[in-house]
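Enquirer: Kindly return the folded structure for what I paste below:
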Amino acid sequence: MTTLITGGIVAIAAGFTPIAVLGDLVSIGTLLAFVIVSLGVLALRRREPDRPRPFRTPWVPVVPIASAVVALGLMATLPGATWLRLVVWMAVGFVLYFAYAARRHRPAP
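Expert: Reported below is the predicted structural model:
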């Protein structure tokens with residue numbers, strides 16, 4: 001049900017948004033996720049070095065750092081309006097996330 005509701009909202013928003021704007025938003029969102037994952041690889045390697053890893057990243061820390069730098073470089077080429085939209089949507093997402101968490105949180109007994 002959540003997928004259907006989200007898909008419907010996104011479809012309506014996409015119908016009223018120019019394709020160039022959508023392309024930039026998808027690009028910056030994907031690149032930001034890639035930066036976070038790349039830096040997460042470094043953090044996880046440092047915090048939990050003995051954790052079993054079914055998938056390995058070669059040349060740590062060179063590859064994760066390089067991938068984060070390249071993704072940030074690509075993000076830097078996007079227009080300022082795209083950055084503003086990213087910040088606004090992230091703020092909306094944080095508010096919704098923490099409002100939901102505050103409402104659903106049950107203290108431990």
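
Enquirer: From here on, just use CA atoms for contacts and neighbour counts.
Expert: Noted.

Enquirer: What does the residue nearest the centre of the chain show for phi and psi?
Expert: Geometric centre of the chain, nearest residue: A33, 3.4 Å, by C-alpha atoms, centre = their mean. Main-chain torsions, A33, degrees, to the nearest 10: phi -60, psi -40.

Enquirer: and it, how far is that from V26?
Expert: The spacing between A33 and V26, counted by C-alpha to C-alpha, to the nearest Å, is 11 Å.

Enquirer: repeat for W59
Expert: 29 Å.

Enquirer: before we move on, what about F98?
Expert: When C-alpha to C-alpha is the yardstick, F98 and V26 sit 24 Å from each other.

Enquirer: now swap in T77 and tell me
Expert: From T77 over to V26 (counting by C-alpha to C-alpha), the distance is 14 Å.

Enquirer: More neighbours: which of these two?
Expert: Between T77 and V26, V26 has the larger neighbour count (other C-alpha atoms under 10 Å), namely 14 against 9.
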